[in-house]
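Peer 1: After the sequence you'll find the predicted model.
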Amino acid sequence: MRLPLSRKILARLAPLAALALALAVLGACSKPKPPEKERPVDPQATQLRDSIQQPIQKAQAVEADVLEAADKQRDAIEAQAN
(Lines give C-alpha, C1' and ligand atoms only; values in the text may rest on other atoms or scores of the structure.)
Protein backbone atom coordinates (compact mmCIF):
# COMPACT_ATOMS: atom_id res chain seq x y z
CA MET A 1 0.00 0.00 0.00
CA ARG A 2 1.44 3.33 -1.02
CA LEU A 3 0.93 6.48 1.02
CA PRO A 4 -0.24 9.62 -0.73
CA LEU A 5 2.49 12.13 -1.43
CA SER A 6 1.40 14.50 1.37
CA ARG A 7 1.54 11.70 3.95
CA LYS A 8 5.01 10.74 2.76
CA ILE A 9 6.18 14.29 3.25
CA LEU A 10 4.55 14.44 6.70
CA ALA A 11 6.14 11.12 7.66
CA ARG A 12 9.58 12.47 6.75
CA LEU A 13 9.06 15.88 8.38
CA ALA A 14 7.65 14.57 11.68
CA PRO A 15 11.05 13.53 13.13
CA LEU A 16 12.55 16.82 11.99
CA ALA A 17 9.72 18.76 13.64
CA ALA A 18 10.17 16.78 16.85
CA LEU A 19 13.90 17.47 16.77
CA ALA A 20 13.31 21.18 16.18
CA LEU A 21 10.85 21.29 19.07
CA ALA A 22 13.31 19.49 21.37
CA LEU A 23 16.08 21.93 20.42
CA ALA A 24 13.78 24.88 21.07
CA VAL A 25 12.89 23.54 24.52
CA LEU A 26 16.53 22.87 25.36
CA GLY A 27 17.49 26.29 24.11
CA ALA A 28 15.00 27.88 26.50
CA CYS A 29 16.79 26.27 29.43
CA SER A 30 19.75 28.35 30.44
CA LYS A 31 21.84 29.00 33.51
CA PRO A 32 20.31 31.50 35.91
CA LYS A 33 21.88 34.92 35.82
CA PRO A 34 23.90 35.90 38.89
CA PRO A 35 22.24 38.54 41.05
CA GLU A 36 23.04 42.14 40.30
CA LYS A 37 25.56 43.87 42.48
CA GLU A 38 24.13 46.30 44.96
CA ARG A 39 23.02 49.43 43.27
CA PRO A 40 22.82 52.86 44.87
CA VAL A 41 19.69 53.69 46.82
CA ASP A 42 17.05 55.62 44.97
CA PRO A 43 16.98 59.26 46.21
CA GLN A 44 13.20 59.11 46.60
CA ALA A 45 13.58 56.16 48.96
CA THR A 46 15.95 58.13 51.19
CA GLN A 47 13.61 61.11 51.21
CA LEU A 48 10.73 58.87 52.25
CA ARG A 49 12.83 57.24 54.95
CA ASP A 50 13.94 60.64 56.26
CA SER A 51 10.38 61.97 56.34
CA ILE A 52 9.30 58.92 58.35
CA GLN A 53 12.27 59.07 60.73
CA GLN A 54 11.98 62.81 61.45
CA PRO A 55 8.91 62.68 63.76
CA ILE A 56 10.30 59.58 65.50
CA GLN A 57 13.58 61.35 66.24
CA LYS A 58 11.73 64.44 67.43
CA ALA A 59 9.65 62.32 69.83
CA GLN A 60 12.76 60.60 71.16
CA ALA A 61 14.38 63.99 71.78
CA VAL A 62 11.32 65.23 73.70
CA GLU A 63 11.05 62.00 75.73
CA ALA A 64 13.95 62.96 78.03
CA ASP A 65 12.33 66.33 78.77
CA VAL A 66 8.96 64.70 79.51
CA LEU A 67 10.54 62.18 81.89
CA GLU A 68 12.47 64.94 83.68
CA ALA A 69 9.28 67.02 84.06
CA ALA A 70 7.44 63.99 85.44
CA ASP A 71 10.19 63.42 88.01
CA LYS A 72 10.01 67.08 89.10
CA GLN A 73 6.24 66.89 89.37
CA ARG A 74 6.44 63.69 91.43
CA ASP A 75 9.02 65.29 93.74
CA ALA A 76 6.80 68.37 94.17
CA ILE A 77 3.76 66.21 95.02
CA GLU A 78 5.75 64.21 97.56
CA ALA A 79 7.11 67.43 99.12
CA GLN A 80 3.59 68.79 99.58
CA ALA A 81 2.34 65.48 100.99
CA ASN A 82 5.01 65.41 103.73
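Peer 2: Arrived safely, thanks for sending.
Peer 1: Going by C-alpha atoms from here, please, whenever you check contacts or count neighbours.
Peer 2: Fine.
Peer 1: Can you point out the helix or strand that includes residue 69?
Peer 2: Using DSSP states H and E, residue 69 falls within helix 43-81.
Peer 1: Flag the shaky bits of the protein, pLDDT-wise.
Peer 2: For the chain, the stretches with pLDDT under 70 are 1-5, 41.
Peer 1: separation between residue 56 and residue 49?
Peer 2: Distance, residue 56 to residue 49, using Cα to Cα, to the nearest Å: 11 Å.
Peer 1: and if you look at residue 65?
Peer 2: Plainly put, residue 65 is 25 Å away from residue 49 if you go by Cα to Cα.
Peer 1: cool, residue 43 as well?
Peer 2: 10 Å.
Peer 1: again, but for residue 74
Peer 2: 38 Å.
Peer 1: Over to residue 14?
Peer 2: 61 Å.
Peer 1: next one: residue 30
Peer 2: Distance from residue 30 to residue 49, by Cα to Cα: 39 Å.
Peer 1: more neighbours, those two?
Peer 2: residue 49 (11 against 7; other Cα atoms under 10 Å).
Peer 1: distance of the more buried one from residue 78?
Peer 2: Separation of residue 49 from residue 78 (Cα to Cα): 44 Å.
Peer 1: before we move on, what about residue 50?
Peer 2: 42 Å.
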